[in-house]
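Chemist: Quick one, structure for this:
(chains A and B)
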Amino acid sequence: MSNSIINILIDGVFMSELDEKTENGSVGAVEEGASGEQKAGGDSGTGYGVLFFIGAFVVCFLSGWLLFPNLLYSKKEQPFNFNHALHVEEMGGCDSCHSFREDGSFDGIPKTASCLECHEELLGETEDEAIFVSEYVEKEKEVPWLIYSQQPDCVFFSHAAHVVKAGMDCRSCHGDIGESTTTKTYEENRITGYSRDIWGKNIWGMKKNSWDRMKMDDCAECHQEETGSKGACFQCHK
Amino acid sequence: MKVDRRSFLGLGLGAAAGVAVSPVAWKLMDDSSIWTQNWPWTPVPRDGEVTFDNTVCSLCPGNCGLSVRKIDGRPVKIEGRDDYPVNTGGVCLHGVAGLQYLYDPSRIKSPLKRIGDTFEQISWDEALELVATKLAEIRDAGKADSIACVTNHGMGTVPGLFQRLLTALGSNNFLSMDTMDKAWEKTLEKMHGVHGTLGFDLENAEFILSFGTGFIEGWGSPVSNFKANSSRKERGAALIQVEPRLSNTAAAADTWLAANPNTEADLALAMANVIISNNLYNTGYYVSGFGPGFDELAAMLKENYSPEAVAKTTGIDAAVIVDIAKRFAKSNAPVAIAGKGKGSTPGSAREFAAVHLLNCLAGNINTKGGAWILSPQDYEQWPAVEMDEVASQAIEKPAMDPAGSVAGFFAKAGAEKTVQALLISDANPCYALNDAKAITKAVQDIPFVVSFSSFMDETTRQADVVLPSHTFLERTEDLPSAAGMARRVTGLATPVIAPVFNTKNPGDAILAIAKAMEGTVGESFPWESYEECLEAVTGDLWSDLSDQGYAAVQETAPATRPSVDFSFVAQNPAPVEAEGTEADFSLILVPLDNVRIATGSVASSPFAVKTVPDTVLAGKDSLVEMNPETARANKLSQGDLAVLETPKGKATVKVNLFEGIMPGVIGMPRGLGHAMEENRYVSGKGVNINELMGPVMDAASGLDAAWGIRAKISRA
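Modeler: Numbering: from 1, shown residues only, chains lettered A, B, ... in the order given. Sure, this is the predicted structure:
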């Protein structure tokens, strides 16, 4: 049945009236049998058309869901592995490393100098610690971390307004990163250069948790709930 | 299996349907819209920690305090420093664009040595050795006095080190560029017999009588004056502007007196006459401070400068002259100021003395809101220079220009060709002095020229060795206030960024050159670095300088009231006339200082050039201002290309008609027409007026007193 629907669809969409007239017009009213044969031949063509349709549909559908995300994002590894869980255990909450500067701005990922307070020399025996000390501490370089939650340039966002003023939990946007023991592979969008975490892991853009996506609509959704307004453009797009 | 058209249709439709129900289209739509917002050429501010560093600007003599905003240590924005006593948070457009000088395409990236017509990069060691060897050679040949040095400004320890090197070598030929400060110094010598500078307490003055100054257009310490002008209305202070053109200052003034060009002194003398003949002068000061020549002056003024006579010379009504003079004398805090435009050139001794005469008669010397006679800056405590026999003998020879004028020095250098070596620091005489082409020739004729410049400017291009300097944002330097500032503040410039190129602080370069020279020259410089020298030499000032970035040396009026010697004015010195004859050149060309164009040794930043209106600079053409009447007489109309000719040269310019300029006078912007080929933002834009004007040496002061030049103009 579905085949006949698709058949009608193909005929309806891709065959012009002119084509139909030409096909039928060449058949004389007296040659009913020949006409019947031709019709059978037409059915066979439609059958292949349906097959091709299904094949192309399946290939494209699966590619779109499975291959496309892999092609869209390039995979990058962090300079070395970082164990958040261990640091939280040793240091306490998020703000022991991710703090606010004196002027109220958020300092993001700590600079090597801050890490030096503990990591002046090797702490532990992991390979990652060795890389950190030899490549960055000793060479006085900053670690080129790939930031999963790096937001687009020129969009204004204040951590202070959300964390200090509104008393939001880091987890609301950043999820359970504090419990991670390894750094996951960073996926960079080849077109935009943004981290995959902004759009979300789900390629269709569906989310279960508030931290699954960090697009503008997600900001607006929360603002609508909390403040009764999605906010004005200029609040962020300065 | 028969593959027919329907198969293909099925294939296409299936593909489309498959894609449609996958996220591809929707995701790509979002991504491509983001992609269009991330073009590689779109500037994106870098994120990072915000810090602020304080320093002091030395782009002009104003020396404003700056607060430099930095992101992760990289300077991104210059603002005025709120707690700085000169500018209290304000900043001009040159200062605000100061970061552009760091990355200026004409910056010199490493030491250079001249090879024929081009330069070759050399190491610092080689360059310093080269200079030290050459200076030692000249010295050994007994020509130590033929070594000369020209710096942009003459105060502070960096010029101090240059002067010290010259003394240790045995030369008196240390000079700084000529500005109105030198004219004020000469005025003080003539009228008070003291050596010092004059400052004006404009923020407290109640009646400002400005003789052609660009009071709000870059005169003196520009931002300080913007502020003094802004508070004028609240204070009820009057501003009277004397100028043949409706400048921005004239437009902002309460009264604009459009006096004929070069009659400012006549007007001042007529006002002095009114004040004396009406007994309106300060009687207290008359008793205590009026010295020789007062009676002669009164008689001379009565004879030559009656308001009626001067009304004819100046074109100002006699009644207006009388009225302004009386209001000036009766004001509680009147002050008269001179120095045309930005005050970046000296004027005639007659004009400055006539203007200062008004201050003396009003008795506002060293009073609140008046003119302050400031003793020379003396906080620097230099140890005695070690002098060997060569130096001791050579230093006895007089300086090439006894008046201390750079214009006079180059005139003599060009004529006599006796200068063997010239050191130039941050100064650009081949561009900034009148008759720039003759100055360039004079510099070319000097066998050994060393430039300590940050930029490949017109003068540096003539150098044999270039020792590139840090820009003002990369260097440490003490900067004493000058340029008519009453309150004395010495600022400390500190680096806000590590040097962008392989440059040095000129102070360090001098120390290295001196140390490379053996004997007493090296011994005269016992410091390891310029910073060490600065700390040692600034003595008592150092703790304030290092703690707060400035030291307030003097904040109230000096307690003394030096006596006035009226003899110079009483002699009725002749005015300095413009070069050229009226028969050949019927018009008068005067330079116009524009607050948006840097006029001295520093060229404008690209940003500043972009702010210049197209009535001043259109494309590559300078526009000259003229009254429609002048244009009609010369068969010119708005926008015409015209050839402007003076006794010194000619140039093609565009015509801009302006009712606000007096007929017969042509105004031309100063500060354009740089020839710095690496810097396409300022180079080749407009005409350098200094190539059309020549110096006119004032016999009374020995300074270049050219205020304009005779000219003619015709359609190109």
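Chemist: shaky segments in chain A?
Modeler: Where chain A drops to pLDDT under 70, the residues are A:1-46, A:154.
Chemist: mind listing the helices for it?
Modeler: Using DSSP state H, the helices of chain A run over A:2-14, A:17-25, A:32-62, A:68-72, A:84-91, A:112-119, A:127-131, A:159, A:171-174, A:196-199, A:216-227, A:233-236.
Chemist: Touching, residue B:443 and residue B:422? I think so.
Modeler: Yes. With contact defined as C-beta atoms under 8 Å, residue B:443 reaches residue B:422; the gap is 6.9 Å. Heads up, the C-betas are built off the backbone N, CA and C, glycines and all.
Chemist: Skipping adjacent residues, who's closest to residue B:702 in space?
Modeler: residue B:403 (2.4 Å; C-beta to C-beta, 6 or more residues apart in numbering or on different chains).
Chemist: Distance check, the one you found against chain A.
Modeler: Using C-beta to the nearest C-beta, to the nearest Å, residue B:403 is found at 54 Å from chain A.
Chemist: Let's verify that residue: helix, strand, or coil?
Modeler: Of the three states, residue B:403 takes coil according to DSSP: H, G, I helix; E, B strand; the rest coil.
Chemist: hang on, the earlier thing: higher neighbour count, residue B:443 and residue B:422?
Modeler: Using other C-beta atoms under 10 Å in any protein chain shown as the criterion, residue B:443 and residue B:422 rank with residue B:422 on top: 27 against 24.
Chemist: Bridged to that one, which residues?
Modeler: Under DSSP bridges, the beta-bridge partners of residue B:422 are residue B:148, residue B:449.
Chemist: which residues does it contact?
Modeler: By C-beta atoms under 8 Å, 6 or more residues apart in numbering or on different chains, the contact list for residue B:422 reads B:147-150, B:413, B:443, B:446, B:448-450.
Chemist: need these in a markdown table with distance to residue A:53 and pLDDT, can you?
Modeler: Output for the contacts of residue B:422, formatted as a markdown table (distance: C-beta to C-beta, whole Å; pLDDT from 0 to 100):
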| residue | distance to residue A:53 | pLDDT |
| --- | --- | --- |
| B:147 | 94 | 94 |
| B:148 | 92 | 94 |
| B:149 | 89 | 95 |
| B:150 | 87 | 95 |
| B:413 | 93 | 88 |
| B:443 | 85 | 94 |
| B:446 | 89 | 93 |
| B:448 | 88 | 95 |
| B:449 | 84 | 96 |
| B:450 | 84 | 96 |
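Chemist: Now, of those, which are buried?
Modeler: Buried members of these, counted by 16 or more other C-beta atoms under 10 Å in any protein chain shown: B:147-150, B:413, B:443, B:446, B:448-450.
Chemist: any idea which of those is closest to residue A:118?
Modeler: residue B:450 (52.7 Å; C-beta to C-beta).
Chemist: Might one say that that closest one is in contact with residue B:423?
Modeler: Yes. If you go by C-beta under 8 Å, residue B:450 and residue B:423 touch, sitting 4.9 Å apart.
Chemist: Dihedrals phi and psi, residue B:277?
Modeler: phi -70, psi -20 (degrees, to the nearest 10).
Chemist: Identify the residues contacting it.
Modeler: So residue B:277 contacts B:298, B:301-302 (C-beta under 8 Å, 6+ apart).
Chemist: what sits against residue B:329?
Modeler: B:274-275, B:278, B:280-281, B:361-362.
Chemist: Same list as before, those residues that is, but in JSON lines and with secondary structure and distance to residue B:708 included.
Modeler: Listed next are the contacts of residue B:329 as JSON lines, based on DSSP: H, G, I helix; E, B strand; the rest coil; distance: C-beta to C-beta, whole Å:
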{"residue": "B:274", "secondary structure": "helix", "distance to residue B:708": "27"}
{"residue": "B:275", "secondary structure": "helix", "distance to residue B:708": "28"}
{"residue": "B:278", "secondary structure": "coil", "distance to residue B:708": "33"}
{"residue": "B:280", "secondary structure": "coil", "distance to residue B:708": "33"}
{"residue": "B:281", "secondary structure": "coil", "distance to residue B:708": "32"}
{"residue": "B:361", "secondary structure": "helix", "distance to residue B:708": "28"}
{"residue": "B:362", "secondary structure": "helix", "distance to residue B:708": "29"}
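Chemist: Pick the one among these closest to chain A.
Modeler: Set against chain A, the nearest of the contacts of residue B:329 by C-beta to the nearest C-beta is residue B:362 (50.0 Å).
Chemist: count of residues packed around the closest one?
Modeler: For residue B:362, the count of nearby residues is 28 (other C-beta under 10 Å).
Chemist: pLDDT below threshold where in chain B?
Modeler: Those would be B:1, if you go by pLDDT under 70 across chain B.
Chemist: So which residues on it come close to chain A?
Modeler: Contact residues, chain B versus chain A (C-beta under 8 Å from any C-beta of the partner chain): B:1-19, B:21-24, B:26-28, B:30-32, B:34-35, B:37-38, B:44-45, B:47, B:49-50.
Chemist: Helices - which of those land there?
Modeler: Reading helices off those with DSSP H, I get B:5-19, B:24, B:26-28, B:30-32, B:34-35.
Chemist: Which parts of chain B belong to which domain?
Modeler: Using automatic domain parsing, the domains assigned to chain B come out as B:8-35, B:180-376, B:587-715.
Chemist: Which of those sits closest to residue A:76?
Modeler: Of those, nearest to residue A:76 by C-beta to C-beta is domain B:8-35, at 17.5 Å.
Chemist: got the contact list for the residue nearest to residue B:702?
Modeler: B:186, B:701-703.
Chemist: and the residue of the stretch 1-150 of chain B found nearest chain A, how many neighbours does it have?
Modeler: Nearest to chain A, among the residues of the stretch 1-150 of chain B, is residue B:22, at 2.1 Å (C-beta to the nearest C-beta). Using other C-beta under 10 Å, the number of residues around residue B:22 comes to 21.
Chemist: repeat for residue B:115
Modeler: Neighbours of residue B:115 (other C-beta under 10 Å): 9.
Chemist: For it, what are phi and psi?
Modeler: Dihedral angles (degrees, to the nearest 10) for residue B:115: phi -120, psi 100.
Chemist: likewise residue B:552?
Modeler: phi -80, psi 110.
Chemist: What are the neighbouring residues in contact with the residue lying closest to it once chain neighbours are set aside?
Modeler: Once flanking residues are discounted, residue B:552 sits nearest to residue B:489: 5.5 Å by C-beta to C-beta, 6+ apart. Contacts for residue B:489 (C-beta under 8 Å, 6+ apart) come out as B:63, B:85-86, B:480-481, B:550-553.
Chemist: Show me which of these are buried.
Modeler: Buried among the contacts of residue B:489 by 16+ other C-beta under 10 Å: B:63, B:85-86, B:480-481, B:550-551, B:553.
Chemist: Quick check, residue A:65 in contact with residue B:23.
Modeler: Yes. Using C-beta under 8 Å, residue A:65 makes contact with residue B:23 at a distance of 6.9 Å.
Chemist: Between those two, point out the one with more neighbours.
Modeler: A direct count of neighbours by other C-beta under 10 Å for residue A:65 and residue B:23 places residue B:23 higher, at 20 against 16.
Chemist: about what we covered before: next step: the contacts of residue B:489 restricted to helices.
Modeler: Short answer: the contacts of residue B:489 have none in helices (DSSP H).
Chemist: Going by distance to residue B:138, which of these wins?
Modeler: residue B:480 (31.0 Å).
Chemist: Name the helix or strand for the residue in the stretch 601-716 of chain B that chain A sits nearest to, please.
Modeler: Distances between the stretch 601-716 of chain B and chain A by C-beta to the nearest C-beta are smallest at residue B:607, namely 21.4 Å. For residue B:607, the host element (DSSP states H and E) is helix B:606-610.
Chemist: which is the next helix or strand following that helix?
Modeler: strand B:617-618.
Chemist: Give me the helices and strands touching that next one, please.
Modeler: Other helices and strands packing on strand B:617-618, by 3 or more C-beta pairs under 8 Å, 6 or more residues apart in numbering or on different chains; DSSP states H and E, are absent; none qualifies.
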